[in-house]
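S.K.: sequence plus the predicted model coming up.
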Amino acid sequence: WDMSSSQWLKRDREVVAQSPYAPPLVLERGRGCELWDVDGRRFLDFEAGQFCMNTGHSHPSVTEAISRQATVLMQIGNRFTTPARIQLAERLAALAPDPLGVTFFCSTGSEANETALRIAKLVTGRFEVVALARGYHGRTASAYGLSSATRRMRRGAGPQMPGIVHIDTPYAYRCPFACGTCDQRCWRHSVEMIDRASSGEPAAVIVEFIQGAGGIIPVPADWAREVRRFCDERGALLIADEALTGLGRTGRWFAFEHTEVVPDIVVTSKALGGGVPAAAVITSREIAAAALAKGFVQSASHQGDPFQCAVALANLDVMETEDLPGNAERMGRRLMDGLRELTARHRLAGDARGIGLIAGLEIVDSDKDGGGETPELAAAVSVACLERGLIVGGLRPGIREGNTLRLAPPLTVSAQEIDEALTILDSALTDVAA
Ligand code: PMP
């Protein structure tokens, strides 16, 4: 390009509605975990293209599938099937544990959550839905109402979907119930909230097994078991929103596999299409049949398109042949060891948590035991990282909410890249503390 970042950014501000989250970068190309901007500066992408690029930027097998399928067949309308769609659904059925074996295709996480909710409501004949505080499920109408990851996201939106009950997140680091000694007191409190605020018989409980936007909060296995039991006793469906955590990121294909719990409906999106929008709602044969028998129709312009499915298949092939879940586990351990070492040494580093390659580093002022939330400090650390060539997720300058940096590189990340990111974080923490 014969134009610099600053010239591009000036043009951008004139014609593109600006996100308050936007860092001042104009990116041009990527490869694996690396991105380059138009000025030729290199960045490590520890946000993996907003968690979409599990196989890394421009993986040769994925780009080959993209160009091959583009010359063969892109889109045929959702009434028709193709070998690619059938094979992708078979592959997802093989990856998900029994009885999850039937897929409804869509394009985005929000759309997939809407689909999951519609299925749950239709099958149960109920309308109330339980969601977690600090959760994020998307920006379409119902998903929006279920989300509360940021305080101001619903500003100006007006009334939300009726029947939503928000319960506490089992957030060990900031547990008001002295977590660890409480014998699931937070869950019992949540059941009281459900019974006070609703009929007590919801259509569904929707859970991110690791909350993403809310601050990388894995739900404890014991808590997940209580939720499963609650759903079984009350006749509600358990929906796992794995938009962010699915497809190998945690070292397993799905985050719920770190617990004993199997949900009734699983939503997966982002990483499925390797950069191409694709999402899947996976459920049991029984639930799918019940929904269809009651007249459920999934009908969108982009839903299991040959292009989406062929690319997703190539993308899943890469994950399997390169054992990316295995690499996520190994590199995740290296990343977590490094983050724990930083929390031991740095005043501002409060808590390191996560599973596999979805890690959070909570930034605090001085009280390391779940003290004051310090979004300004956290944003300052993320800016200091960016200046040193590391893109981390979750916090941007000017956004005064949340204080957990999200670290989630492509699953192809190398040990050297993990170490480089940790070195940058170390220096950023030192700089901001000074
Ligand atoms: N669910 C979760 C857990 C998410 O993190 C997101 C996106 N960040 C969504 C749903 C919404 O997905 P999309 O942006 O593709 O609509």
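M.R.: Structure's in. What do you need? Just so we're clear, the structure is a prediction, and the values are computed from it rather than from any experiment.
S.K.: which residues of this protein fall in helices?
M.R.: Using DSSP state H, the helices assigned to the chain run over residues 5-15, 48-51, 60-72, 83-95, 109-124, 141-146, 185-197, 221-234, 285-293, 306-321, 324-345, 375-387, 415-433.
S.K.: kindly reformat the ones you listed as CSV containing mean pLDDT and distance to the ligand.
M.R.: (Each C-beta comes from the backbone N, C-alpha and C, glycine too.) Below are the helices of the chain laid out as CSV (pLDDT from 0 to 100; distance: least, Cβ to the nearest ligand atom, whole Å):
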stretch, mean pLDDT, distance to the ligand
helix 5-15, 94, 21
helix 48-51, 96, 7
helix 60-72, 98, 18
helix 83-95, 98, 17
helix 109-124, 98, 2
helix 141-146, 91, 7
helix 185-197, 94, 19
helix 221-234, 96, 16
helix 285-293, 98, 20
helix 306-321, 98, 13
helix 324-345, 98, 17
helix 375-387, 91, 17
helix 415-433, 97, 21
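S.K.: reformat the ones you listed as CSV; add mean neighbour count.
M.R.: Putting the helices of the chain into CSV (neighbours: other Cβ atoms under 10 Å) gives the following:
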stretch, mean neighbour count
helix 5-15, 12
helix 48-51, 21
helix 60-72, 14
helix 83-95, 18
helix 109-124, 24
helix 141-146, 21
helix 185-197, 16
helix 221-234, 17
helix 285-293, 16
helix 306-321, 22
helix 324-345, 19
helix 375-387, 20
helix 415-433, 18
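S.K.: tabulate those helices (a markdown table), appending distance to residue 30.
M.R.: Listed next are the helices of the chain as a markdown table, based on distance: least, Cβ to Cβ, whole Å:
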| stretch | distance to residue 30 |
| --- | --- |
| helix 5-15 | 16 |
| helix 48-51 | 8 |
| helix 60-72 | 11 |
| helix 83-95 | 25 |
| helix 109-124 | 21 |
| helix 141-146 | 28 |
| helix 185-197 | 41 |
| helix 221-234 | 35 |
| helix 285-293 | 37 |
| helix 306-321 | 15 |
| helix 324-345 | 17 |
| helix 375-387 | 16 |
| helix 415-433 | 13 |
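S.K.: which one of these lies closest to residue 252?
M.R.: helix 324-345 (6.2 Å; Cβ to Cβ).
S.K.: neighbouring contacts of that closest one?
M.R.: 54-55, 248-253, 318-319, 349-352, 354-359, 361, 368, 407, 409, 411-415, 418-419, 421-422, 425-426, 429 (Cβ atoms under 8 Å, 6 or more residues apart in numbering).
S.K.: are any of those residues buried, and which?
M.R.: Of all these considered here, the ones buried according to neighbour count by 16 or more other Cβ atoms under 10 Å are 54-55, 248-253, 318-319, 349-352, 354-359, 361, 368, 407, 409, 411-413, 418, 421-422, 425-426, 429.
S.K.: which one of the residues in the stretch 201-350 of the chain is closest to the ligand?
M.R.: When Cβ to the nearest ligand atom is the measure, the stretch 201-350 of the chain has its nearest residue to the ligand at residue 243, with 3.4 Å between them.
S.K.: what sits closest to that residue if chain neighbours are left out?
M.R.: Take residue 243 and drop its neighbours on the chain: the residue closest to it by Cβ to Cβ, 6 or more residues apart in numbering is residue 109, 3.5 Å away.
S.K.: quick check: that neighbour touching residue 138?
M.R.: Yes. Using Cβ atoms under 8 Å, residue 109 and residue 138 qualify as a contacting pair, with a distance of 5.4 Å.
S.K.: what do these two both touch?
M.R.: residue 243.
S.K.: got the confidence number for the closest residue to residue 304 other than its chain neighbours?
M.R.: Counting by Cβ to Cβ, 6+ apart, residue 105 is the residue found nearest to residue 304 once chain neighbours are left out, at 3.4 Å. Looking at residue 105, its pLDDT reads 98.
S.K.: what's the burial count for residue 105?
M.R.: Neighbour count for residue 105, taken as other Cβ atoms under 10 Å: 26.
S.K.: contacts only, for it.
M.R.: For residue 105, the contacting residues are 85, 89, 278, 279, 280, 281, 298, 303, 304, 308, 309, by Cβ under 8 Å, 6+ apart.
S.K.: before we move on, what about residue 116?
M.R.: Contacts of residue 116 (Cβ under 8 Å, 6+ apart): 204, 206, 239, 241, 265, 267, 281, 283.
S.K.: got those residues as a markdown table, with distance to residue 167, pLDDT and neighbour count columns?
M.R.: Shown next, in a markdown table, are the contacts of residue 116 (distance: Cβ to Cβ, whole Å; pLDDT from 0 to 100; neighbours: other Cβ atoms under 10 Å):
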| residue | distance to residue 167 | pLDDT | neighbour count |
| --- | --- | --- | --- |
| 204 | 13 | 98 | 27 |
| 206 | 11 | 98 | 28 |
| 239 | 14 | 98 | 31 |
| 241 | 15 | 98 | 32 |
| 265 | 19 | 99 | 28 |
| 267 | 19 | 98 | 32 |
| 281 | 23 | 98 | 27 |
| 283 | 23 | 98 | 29 |
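S.K.: pick the one among the residues you listed closest to residue 323.
M.R.: The nearest one, if we look at the contacts of residue 116 relative to residue 323 and count by Cβ to Cβ, is residue 267, at 24.5 Å.
S.K.: next, the contact list for the closest one, please.
M.R.: If a contact means Cβ under 8 Å, 6+ apart, then residue 267 has 109, 112-113, 115-116, 239-243, 246, 279-282 as its contacts.
S.K.: per-domain residue ranges of the chain.
M.R.: 5-55+323-433, 62-321 (automatic domain parsing).
S.K.: start and end of the longest one, how far apart?
M.R.: The first residue of domain 62-321 is 13 Å away from its last residue (Cα to Cα, to the nearest Å).
S.K.: cool, stretch 153-173 as well?
M.R.: End to end - Cα to Cα - stretch 153-173 spans 24 Å.
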